[in-house]
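A.B. asks: kindly return the folded structure for what I paste below:
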Amino acid sequence: MWTMGVYGFVVRTSSFLAAMGAAAWLHGPVLSAEPETGAEATAPVTGSKELINKHFDSVAIITGDGGSGTGFITKDGGRAFLYTAAHVISGNKRLTVKNANGREFRKFGAFEVASESDLARLELLEEFEGGLQVAKPASIKVNDPVLAIGNSGGAGALAILEGSAMSLGPDVVEVSSNVIQGNSGGPLFSGNTGEVVGVVTHLIAARDDLWAKDTKFAEVRRFATRLDRVITWERVPIGRFLAEHQKIEEFNRNSRILFAISSLNPTQDGLRLDSKIGGNGPTLLSVFDENKNVPIVAELIEMNSKLGDKRLRTSEAELRKRFASYYQTSLTRLDQGGDKFVAKDFSGQNRERAKQAREWRDEAVTELKNAANRMR
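C.D. replies: Just a heads-up that it's a prediction; the model follows:
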């Protein structure tokens, strides 16, 4: 058993922008739900008021030292679980879980993550009379009414967000409910049955290309991961899961620095750190400033200062030679041990994040090698 909130946990744009975390890790006819022959009928919910009154106490506000989100309690085979998005747990060493009436849940047991989705659940070891019902497989349909409850904006209060299912995939459902940061991990209810059909997980940024113009894809899209399907759960020590998150963050930090260094345009007057990566990304200066305590970055900032105030006088040929050497040194230091970063060594959602991180690192290394070659 471990205790939450008392003891600390032991926790598309360009590839560069993806490594920066720019990719977001949320009307039609009402369809009635027909019970299966011989099965106990679930009374359809005729409005959000009945749904809220019935289930509000089972939804929780999750507050951590690294972020906030939402969760909810379900019952499965006589056991109670707190469900949430895996990324709500990641990045936090301490979490507090309370429902809207102020009850704090502290005692939890086994921690599990879904094999291929942004889902996590914790066994609840406290008595709890409520609990939400998870829908049977393939329950949600396009145009079905849905309702999300969550800690919108991390404000510490549960908001009620009605909408409909706009599109479906094997693992996700796109919704029109206006979910935002803080709603992650919250339940997505079927407006027909009152059962939980998904967990709010992510948004996709609006597209501004020619193909998306004047379509719904030019707007932010909001998604929940479906629960009305068979899910394979992995039991993972929570300390390991949180350590994996930290390892990915550090790996991506070095990839961001490598991308930024590869974008340098050194001149005898300075390094032009106000340049934007990819033309519309963050400035080089912003990336270097947030990593100024990294030795290789500190050296670069000092070099830029010396070039700017003419304390470092060098020919263009010598400057190019100096930077060719600097690029190689950066690669050696920042990619040290990178070959041991393998996606299959990670669990659940972290496995996919690690796979993306590996791809970004490989591209960053290629870009830096190309930059070094241009200096020769």
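
A.B. asks: identify each buried residue in stretch 101-115, please.
C.D. replies: Within stretch 101-115, the residues that qualify as buried are 105, 108, 110-114, counting by 16 or more other Cβ atoms under 10 Å. C-betas here are computed from N, CA, C, even on glycine.

A.B. asks: which strands and helices sit next to the helix or strand where residue 259 lies?
C.D. replies: Here residue 259 sits within helix 238-262, counting by DSSP states H and E. For helix 238-262, the elements it packs on are helix 15-19, helix 86-89, strand 107-114, helix 284-290, helix 295-308, helix 316-334, helix 348-374, judged by 3 or more Cβ pairs under 8 Å, 6 or more residues apart in numbering; DSSP states H and E.

A.B. asks: just put those in TSV and tack on mean pLDDT and distance to residue 69.
C.D. replies: Output for these, formatted as TSV (pLDDT from 0 to 100; distance: least, Cβ to Cβ, whole Å):
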stretch	mean pLDDT	distance to residue 69
helix 15-19	47	22
helix 86-89	93	3
strand 107-114	95	15
helix 284-290	89	24
helix 295-308	85	32
helix 316-334	87	32
helix 348-374	92	14
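
A.B. asks: out of these, indicate the one that is most buried.
C.D. replies: The highest mean neighbour count among the helices and strands packed on helix 238-262, using mean count of other Cβ atoms under 10 Å, belongs to helix 86-89: a mean of 26.

A.B. asks: the nearest residue to residue 88 once chain neighbours are set aside: how many residues sit nearby?
C.D. replies: Excluding the flanking residues, the one nearest residue 88 by Cβ to Cβ, 6 or more residues apart in numbering is residue 69, at 3.5 Å. Residue 69 has 26 neighbouring residues, counting by other Cβ atoms under 10 Å.

A.B. asks: again with the one 4 residues further on
C.D. replies: By other Cβ under 10 Å, the residues close to residue 73 number 25.

A.B. asks: likewise for residue 65?
C.D. replies: Residue 65 has 14 nearby residues by other Cβ under 10 Å.

A.B. asks: contact partners for it?
C.D. replies: The contact partners of residue 65, by Cβ atoms under 8 Å, 6 or more residues apart in numbering, come to 92-94.

A.B. asks: can I see the domain layout of the chain?
C.D. replies: Residue ranges of the domains in the chain are recorded as 2-11+14-235, 238-374, according to automatic domain parsing.

A.B. asks: show me how far the longest one is from its chain's centre.
C.D. replies: This means domain 2-11+14-235. 14 Å (Cα atoms, centre = their mean, to the nearest Å).

A.B. asks: kindly report the same for the shortest one.
C.D. replies: On the basis of Cα atoms, centre = their mean, the separation between the geometric centre of domain 238-374 and that of its chain is 22 Å.

A.B. asks: measure stretch 144-161 end to end?
C.D. replies: Start and end residues of stretch 144-161 are separated by 14 Å (Cα to Cα, to the nearest Å).

A.B. asks: buried residues of that stretch, list them for me.
C.D. replies: For stretch 144-161, the neighbour count (16+ other Cβ under 10 Å) marks 144-152, 154, 158-159, 161 as buried.

A.B. asks: just flag the most distant two among those residues.
C.D. replies: Farthest pair in the buried residues of stretch 144-161 (Cβ to Cβ) is 144 and 154. Separation: 28.1 Å.

A.B. asks: least confident of the domains of the chain, on average?
C.D. replies: Confidence, taken as mean pLDDT, is least for domain 2-11+14-235 of those (a mean of 79).

A.B. asks: show me what counts as buried in stretch 257-265.
C.D. replies: Buried-residue list, stretch 257-265, by 16+ other Cβ under 10 Å: 257-264.

A.B. asks: now what about it, what contacts it?
C.D. replies: 15-16, 19, 271-272, 275, 277, 284, 287-288, 291, 294, 296-297, 300, 323, 327, 330-331, 334-335, 361, 364-365, 367-368, 370-371.

A.B. asks: one more: stretch 127-136?
C.D. replies: With Cβ under 8 Å, 6+ apart, stretch 127-136 has contacts from 42, 55, 57-58, 72-76, 80, 105, 187, 190, 193-197, 227-228.

A.B. asks: at 7 Å what do you get?
C.D. replies: 55, 57-58, 72-75, 80, 187, 190, 193, 195-197, 227-228 (Cβ atoms under 7 Å, 6 or more residues apart in numbering).

A.B. asks: what's the answer for stretch 229-249, then?
C.D. replies: 2, 9-11, 90-91, 110-115, 119, 137, 346-348, 350, 353-354, 357.

A.B. asks: and the gap between the residue located most distally from the centre of the chain and residue 272?
C.D. replies: Centroid-distance maximum for the chain: residue 315 at 46.3 Å, with Cα atoms, centre = their mean. With distances taken as Cβ to Cβ, to the nearest Å, residue 315 is found 18 Å from residue 272.

A.B. asks: kindly report the same for residue 303.
C.D. replies: Taking Cβ to Cβ, one finds residue 303 at 13 Å from residue 272.

A.B. asks: do residue 157 as well
C.D. replies: Separation of residue 157 from residue 272 (Cβ to Cβ): 46 Å.

A.B. asks: turn the buried residues of stretch 101-115 into CSV, columns for distance to residue 180.
C.D. replies: As requested, those are arranged in CSV below (distance: Cβ to Cβ, whole Å):
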residue, distance to residue 180
105, 24
108, 27
110, 31
111, 26
112, 27
113, 24
114, 23
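
A.B. asks: and these, which is closest to residue 251?
C.D. replies: residue 113 (19.2 Å).

A.B. asks: you'd agree residue 92 is in a strand?
C.D. replies: No. Counting by DSSP: H, G, I helix; E, B strand; the rest coil, residue 92 is not found in a strand; it is coil.

A.B. asks: touching, it and residue 66? I think so.
C.D. replies: Yes. Counting by Cβ atoms under 7 Å, residue 92 touches residue 66, with 4.4 Å between them.

A.B. asks: re the thing from before, next, the angle from the helix holding residue 259 to helix 316-334.
C.D. replies: 170 degrees (axes from the mean of the first three to the mean of the last three Cα atoms, to 10 degrees).
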